[in-house]
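> sequence first, then the predicted structure:
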Amino acid sequence: MEIYKANEERYLSCSYRRCGKSGILLPPISLGLWHNFGSVDVFENYIQIAHTTFDQGITHFDLANNYGPAYGSAEENFGRILKKGLGNYRDELIVSTKAGYDMWPGPYGNWGSRKYLMASLDQSLKRMGLDYVDIFYSHRPDPETPIEETMGALADIVKQGKALYVGISNYNAAQTEQALAVLKEHKVPCLIHQARYSMFDRWVEPDLLNVLEKEGVGLIAFSPLEQGVLTDKYLQGIPADSRAAKSTGHLQQAWITPEVIEKVKKLNAIALDRGQTLAEMALAWLLKDRRVTSVLIGASSVAQLMDNLHALDHLDFTSDELTLIEEVLKS
Ligand SMILES: NC(=O)c1ccc[n+]([C@@H]2O[C@H](COP(=O)([O-])OP(=O)(O)OC[C@H]3O[C@@H](n4cnc5c(N)ncnc54)[C@H](OP(=O)(O)O)[C@@H]3O)[C@@H](O)[C@H]2O)c1
C-alpha cells in the first residue's frame, strides 16, 4: 500500500465544537476503535475507515489499552495505520487512550492505581509508536483506590508530557465532582468526560451534564447508536455480519427484544420523515445539545461511517419531532 496522503479539502465542511472551556476543538463526530480494529478484523477494511475518517475532517481517534480483541491489538493496529502515513499528520490528530478495565493478569493490571495507570500508558505509547497521547483517561472509577491516587497519577502523566490532557470515563456526577476537585488542586484541569449516552440510555441527563457544564468540561458520548441497535440494521433480524452475531462483539442478542425493535421501527419512521436514516437521526438527537461536544461512533465499514457523517447535514429538530421521539422513548 502506498503512503497515505490526506484529502486537501478535509477542513472545508466540518465545523468543530469547543470541548468545555478548553482550548481544544473537537469534531462533532469522532471515531472509536473499540471494535473493528482488532487482530480479528481486516486491515484493508479498517485502514480505509481510518483514512476516510480523517479525509472528512474528523480529527479525533479514541482507543483504550484493551481494545481489540486481542487486548492491545487496536492500539498496535492504529500504530500501523500511523506508520503508513496518517502519522505524518500527528499535529492534526487528537489521539486518546485509557486504562481502568482488565488488561493484564495480577493485581496491577486493572482499576485505578498509580502503578497500573503509569505502566499502562507506557505500554500504549509503545504499541502505537507515539511519544504522547492527546488525552489519557481513567476508564472507570475505582471504589477501592483513593481518588487522590488516581487523579494524582493522571496529573503527573500530564506533567511528564506523556499526555497533553486528561479525561475521566464512566464517573457518575458525584464521583466527577470529586475527581475534578482533586485535579484542580494539581492545576491540571479535566478536559473531557466520556460517558455512555444515547436515545436508549439517558443516565447523564439529570445530573452529570449539569456538573460538566458548570465545571467547563466537555462530554463525549460513547455508543451513541447503542452498538448498532439505533440503526436500521436489526429491523429484519440479526444479520450474520453484525456485532450482535459475532462471538467477539459486546452486543448481547438478548438485549434486542421485540419491544426494543418495536421502538426502533417507530424511530426509524420518524427519521425517514425527516429525510434521514435512523443512525443519522440518533446522532443528531444527541448533538442538538451543545453540552455534547462530540459523539463517539464505531463503524465496521466506510459506508456506515459516511452514513453517520451525514447526520451533520441535518441537526435541527422541530418541537413536533422532539415530542414524537419523546413519546416513543417513554413508551
Ligand atoms: N469509555 C467507555 O467505557 C466506552 C465503552 C464503549 C465504547 N466506548 C468508545 O465509544 C466508541 C463507539 O462505541 P460503539 O462502537 O459501541 O458505538 P456505536 O456507534 O453505538 O456502535 C457502532 C456499531 O454500530 C453499527 N453501525 C454504526 N453505524 C451504522 C450505520 N450507519 N448503519 C448500521 N449500523 C451501524 C456497527 O456495528 P456492526 O459491527 O454490527 O456493523 C458499528 O460497529 C468505541 O469505539 C470506544 O471508543 C467507550
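Cool, got the structure.
> just the helices in this protein please.
Taking DSSP state H, the helices of the chain run over residues 43-55, 73-83, 114-128, 147-159, 173-185, 208-215, 258-273, 278-287, 302-309, 319-330.
> residue 20: which of those helices is closest?
helix 208-215 (6.9 Å; C-beta to C-beta). Just so you know, the C-beta spots here come from the backbone N, C-alpha and C atoms, and that holds for glycine as well.
> how much does the closest one deviate in direction from helix 173-185?
Between helix 208-215 and helix 173-185, the angle comes out at 20 degrees (axes from the mean of the first three to the mean of the last three C-alpha atoms, to 10 degrees).
> run the chain-centre distance for helix 208-215.
Centroid separation between helix 208-215 and its chain, computed with C-alpha atoms, centre = their mean, to the nearest Å, is 19 Å.
> before we move on, the earlier item: winner for burial among the helices of the chain?
Mean neighbour counts were compared across these using mean count of other C-beta atoms under 10 Å; the top stretch is helix 278-287, at a mean of 24.
> residues near residue 236, how many?
For residue 236, the count of nearby residues is 8 (other C-beta atoms under 10 Å).
> look up how far the ligand lies from it.
Going from residue 236 to the ligand by C-beta to the nearest ligand atom, to the nearest Å gives 12 Å.
> dihedrals phi and psi, that residue?
phi -110, psi 30 (degrees, to the nearest 10).
> distance between the ends of stretch 204-217?
14 Å (C-alpha to C-alpha, to the nearest Å).
> quick one, what contacts the spatially most central residue of the chain?
Centroid check for the chain by C-alpha atoms, centre = their mean gives residue 296 as the closest residue, at 3.4 Å. By C-beta atoms under 8 Å, 6 or more residues apart in numbering, the contact list for residue 296 reads 30, 31, 32, 62, 194, 220, 221, 222, 223, 224.
> can you pull the pLDDT of it?
At residue 296, the model reports a pLDDT of 98.
> and residue 197, by the same measure?
At residue 197, the pLDDT recorded in the model is 98.
> the nearest residue to it once chain neighbours are set aside and residue 47: what is the separation?
Leaving aside its sequence neighbours, residue 197 sits nearest to residue 221 (C-beta to C-beta, 6 or more residues apart in numbering; 3.7 Å). Distance of residue 221 to residue 47, computed by C-beta to C-beta, to the nearest Å: 26 Å.
> kindly report the same for residue 172.
The spacing between residue 172 and residue 47, counted by C-beta to C-beta, is 37 Å.
> one more: residue 29?
Residue 29 is 19 Å from residue 47, by C-beta to C-beta.
> tell me the residues of the stretch 51-200 of the chain that contact the ligand?
62, 139, 169, 170, 194 (C-beta under 6 Å from any ligand atom).
> test my guess that residue 275 contacts residue 313.
No: here residue 275 lies out of contact with residue 313, judged by C-beta atoms under 8 Å, at a distance of 9.2 Å.
> how about low-confidence regions in this structure?
1 (pLDDT under 70).
> repeat that with 90
1-2, 13-14, 247-249, 254 (pLDDT under 90).
> pull the CA atoms of stretch 178-187 into CSV?
Output in CSV follows, covering the C-alpha atoms of stretch 178-187 (Å, rounded to 0.1, in the frame of the first residue of the first chain):
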residue,chain,number,x,y,z
GLN,A,178,-14.6,14.7,43.5
ALA,A,179,-12.3,13.9,40.6
LEU,A,180,-12.4,17.5,39.2
ALA,A,181,-11.7,19.0,42.7
VAL,A,182,-8.5,16.8,43.0
LEU,A,183,-7.4,17.6,39.5
LYS,A,184,-7.9,21.3,40.2
GLU,A,185,-5.5,21.0,43.3
HIS,A,186,-2.9,19.7,40.8
LYS,A,187,-3.6,22.6,38.4
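> I'd say residue 310 and residue 283 touch.
No: Residue 310 lies out of contact with residue 283 (C-beta under 8 Å); the separation is 9.3 Å.
> for the closest residue to the ligand within the stretch 1-150 of the chain, which residues are in contact?
Closest residue of the stretch 1-150 of the chain to the ligand, C-beta to the nearest ligand atom: residue 32 (2.2 Å). For residue 32, the contact set (C-beta under 8 Å, 6+ apart) comprises 62, 63, 222, 296, 297, 298.
> grab the nearest non-local neighbour of the first one.
For residue 62, ignoring the flanking residues on the chain, the nearest one in space by C-beta to C-beta, 6+ apart is residue 32 at 4.5 Å.
> which other residues reach stretch 225-237?
Under C-beta under 8 Å, 6+ apart, the answer for stretch 225-237 is 198-201, 224, 239, 242-244, 249-251, 255-256, 260-261, 264-265, 267-268, 277-279, 282-283, 297-298, 308.
> re the thing from before, now for the residues of the stretch 51-200 of the chain next to the ligand: which two are most distant?
62 and 170 (13.8 Å).
> show me what contacts residue 212?
20, 176, 193, 218, 219, 291.
> one more time with 7 Å
By C-beta atoms under 7 Å, 6 or more residues apart in numbering, residue 212 lies in contact with 20, 193, 219, 291.
> can you check residue 7 too?
Counting by C-beta under 7 Å, 6+ apart, residue 7 has contacts residue 55.
> same check, this time on residue 153
114, 117, 118 are the contacts of residue 153 under C-beta under 7 Å, 6+ apart.
> all good on my end, thank you.
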